[in-house]
Every structure is written in C-alpha cells, then in structure tokens.
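Visitor: only geometry, no sequence info:
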C-alpha cells in the first residue's frame with residue numbers, strides 16, 4: 001500500500017507539473033493537427049512488438065516447460081492490461097498465473113522468468129544509455145538519472161548471472177521462504193541456454209526498434225519532424241521514467257518525461273509537447289488495455305484465484 005501511495009503521489013505531482021501551464025486553445029489546436037491514420041499505424045507498430053516479447057519469454061520458460069509463443073504473447077498483453085488498470089503492477093502476477101495455469105507449473109517458477117525478462121529489459125536500457133553519446137550529447141537533465149540506472153543495471157546483471165550459475169537453489173535461506181526463492185531462482189536458469197542467445201538478441205533488438213519506430217511515426221502524425229537521433233533521445237527519456245513508481249498506466253510520470261524531452265531538450269513548444277505526450281500515452285495505453293481486457297475476461301482469469309495460489313510449492317527438479 002505504501003508503494004501505491006508513493007506512486008500515486010508522484011503521478012499526480014508529475015501530471016500537475018506537465019500540464020500546469022497549459023493553454024487550452026493552443027493545446028486543442030496542436031491535438032487537432034494529428035493525423036489519425038498515422039496514429040493508428042503507430043499503435044499497430046507498437047503492438048507488433050508483442051509477438052517478439054512472446055518469443056523471448058517462451059525461451060526463458062524452456063527450462064520449466066515448453067509453452068507456445070501464442071500463449072506467452074497473450075499473457076504479455078494480459079500483463080499490460082493488469083499494469084494499466086490495477087495497482088502494484090499486478091499485471092506481472094496475472095500473466096504469470098495465466099502461464100502457470102496453462103502449463104501446469106508452479107506460479108513462482110513462471111514469475112522467476114518474468115524477473116529475468118525485466119532484468120534483460122534493464123540491461124537493454126543500459127545499452128541504450130551507453131549508445132546515447134554516439135547519437136548526440138547527453139542532456140544535463142538526464143545525467144543524474146543515467147548514472148543511477150547504470151549502477152542499478154550493473155548490480156542486477158551481477159545478481160542475475162550469479163543466480164543463473166547456481167544449481168542448488170538460493171543459499172543462506174531456510175524455512176518457509178526457501179521453496180519460494182528456489183522456484184524463483186529456477187527461472188534464472190534460462191540464462192544458461194547458450195544456443196538461444198542469438199534469438200534472444202534479435203528479439204530484444206526488434207522490440208526496441210519497434211518502440212523507436214512507434215515514436216517516430218507518432219511524431220510524424222503530429223507534425224513534428226525530428227531526426228532519428230532526436231527520436232532516440234525521446235525513447236531513452238520515456239524509458240527511464242518507467243523505472244519510477246507511478247500510478248497504473250504510468251499516468252503523469254510518462255507525460256512529464258515526454259514534455260521534458262520535447263520542451264527542455266529538443267526545444268519544441270509546450271502546447272505541441274503536451275499534445276504529443278497525450279497521443280503517445282494513448283497509443284500505448286488504449287489498445288493494450290482493450291485487447292488485454294478482452295483476453296483477460298475470455299481466459300476466465302480472476303484476481304481471487306491468483307490470491308489463492310500457493311507460493312510455496314515443492315521445487316521441481318532442475319535441468
């Protein structure tokens with residue numbers, strides 16, 4: 001509950017900062033200039049990253065159970081729905097339960113692969129940051145956040161490698177918590193699948209290219225003509241803010257990051273930046289929430305079933 005309150009406060013504060021100086025007439029004019037066809041195309045491009053995420057997650061799940069990419073893709077969209085509509089990023093639990101139920105494996109093992117996926121995303125962000133100086137000077141506003149992200153990513157990488165190399169579960173832990181942590185650790189063994197590294201690399205690269213293309217097309221739809229290097233800067237800025245606690249759907253914090261990138265770094269006028277923030281958020285929020293909700297209710301998932309799950313199953317035999 002404390003994390004939710006902090007996230008809500010941060011989101012509301014960021015929302016106020018982002019739109020406190022709004023001139024409604026200029027904002028409406030900037031918004032009306034958007035080309036709905038290109039906005040829809042940008043949304044389709046963003047959705048196109050889901051199959052790649054499904055393929056990548058399927059590889060992470062291989063040491064536990066063979067799961068079709070179709071199911072991991074569906075679960076991923078359900079996860080986005082949960083994160084957009086529910087507090088505490090419950091989407092990660094929802095998608096873990098969906099796969100655990102389909103594959104008949106402990107939810108803790110599946111959740112371990114979700115943690116692996118998030119660590120890989122963090123390491124991807126680290127690479128994005130390391131490439132930033134090659135596409136342009138690092139803005140002053142990003143230097144402090146970048147330093148912290150680099151430190152966090154390095155620590156996570158060390159922990160992930162250590163957990164992946166272990167064959168006897170998590171050490172130094174006894175009692176009821178040990179089976180839970182051992183099952184989570186099993187998910188990290190997917191990092192030992194050397195034969196899949198190329199597919200993981202290509203899938204991850206494809207995911208970020210779709211994200212970059214989405215922003216570039218959305219800018220074109222709103223009449224903002226920026227270079228690919230400048231679009232890359234927007235991608236980095238908006239990605240960094242996803243690490244900050246926020247309300248469901250990253251309302252407020254995402255908008256503030258977009259406006260920071262366009263106004264303070266790229267010198268776009270405020271009204272157009274605010275319109276761009278609303279459009280970019282809608283592109284990522286509306287279709288994922290609608291499609292995820294349909295899949296969620298069609299699959300008969302229920303939050304009460306997730307709460308009833310036993311998070312202390314016996315540890316399965318390790319590969």
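Guide: Noted; the coordinates are in hand. Treat the numbers as computed from the prediction; the structure is a model and nothing was measured.
Visitor: What is the burial count for residue 106?
Guide: 25 (other Cβ atoms under 10 Å). Yep, even glycine has a C-beta here, placed from its N, CA and C like the rest.
Visitor: next one: phi and psi at it?
Guide: Torsion angles at residue 106 (phi, psi; degrees, to the nearest 10) stand at phi -60, psi 140.
Visitor: Would you agree it is in contact with residue 100?
Guide: Yes: between residue 106 and residue 100 there is a contact at 6.6 Å, judged by Cβ atoms under 8 Å.
Visitor: mind checking how far the residue lying closest to residue 13 once chain neighbours are set aside is from residue 64?
Guide: Closest residue to residue 13 apart from its sequence neighbours, by Cβ to Cβ, 6 or more residues apart in numbering: residue 252 at 7.3 Å. The gap separating residue 252 from residue 64 is 37 Å, by Cβ to Cβ, to the nearest Å.
Visitor: same deal with residue 109?
Guide: 5 Å.
Visitor: got the residue ranges for the helices in the stretch 151-300 of the chain?
Guide: Assigned by DSSP state H, counting those that start in this stretch, the stretch 151-300 of the chain shows helices spanning 177-188, 197-221, 228-241, 253-259, 270-298.
Visitor: mean pLDDT for these: which is lowest?
Guide: Sorting the helices of the stretch 151-300 of the chain by mean pLDDT places helix 177-188 lowest, at a mean of 74.
Visitor: Which neighbouring elements make contact with that one?
Guide: helix 107-135, helix 140-165 (3 or more Cβ pairs under 8 Å, 6 or more residues apart in numbering; DSSP states H and E).
Visitor: Please identify the deepest-packed of the helices of the stretch 151-300 of the chain.
Guide: helix 253-259 (a mean of 24; mean count of other Cβ atoms under 10 Å).
Visitor: out of the helices and strands packed on helix 177-188, deepest packed?
Guide: Taking mean count of other Cβ under 10 Å, helix 107-135 is the most buried of these, at a mean of 19.
Visitor: Tell me how many other residues crowd the residue nearest to residue 13.
Guide: Residue 252, neighbours per other Cβ under 10 Å, totals 25.
Visitor: Check the gap between it and residue 295 for me.
Guide: Residue 252 is 27 Å from residue 295, by Cβ to Cβ.
Visitor: Check residue 82 too.
Guide: 11 Å.
Visitor: Same question for residue 276.
Guide: Distance of residue 276 to residue 295, computed by Cβ to Cβ: 29 Å.
Visitor: what's the answer for residue 173, then?
Guide: Distance from residue 173 to residue 295, by Cβ to Cβ: 36 Å.
Visitor: what's the answer for residue 109, then?
Guide: From residue 109 to residue 295 the distance is 22 Å (Cβ to Cβ).
Visitor: Backbone torsions only: list them for the residue nearest to residue 13.
Guide: phi 90, psi -60.
Visitor: Look at residue 167 and say how many residues are nearby.
Guide: Residue 167: 9 neighbours (other Cβ under 10 Å).
Visitor: Ok, the one 4 residues further on next?
Guide: Counted with other Cβ under 10 Å, the burial measure for residue 171 works out to 9 neighbours.
Visitor: mind checking pLDDT for it?
Guide: Reported pLDDT for residue 171: 75.
Visitor: re earlier: out of the helices and strands packed on helix 177-188, nearest to residue 42?
Guide: helix 107-135 (19.6 Å; Cβ to Cβ).
Visitor: per-residue confidence averaged over that closest one?
Guide: Helix 107-135 comes out at a mean pLDDT of 86.
Visitor: Tell me the helices and strands packed up against it.
Guide: helix 49-61, helix 91-103, helix 140-165, helix 177-188, helix 197-221, helix 228-241.
Visitor: let's see 10 Å
Guide: The elements that helix 107-135 packs onto, with contact taken as 3 or more Cβ pairs under 10 Å, 6 or more residues apart in numbering; DSSP states H and E, are helix 49-61, helix 69-85, helix 91-103, helix 140-165, helix 177-188, helix 197-221, helix 228-241.
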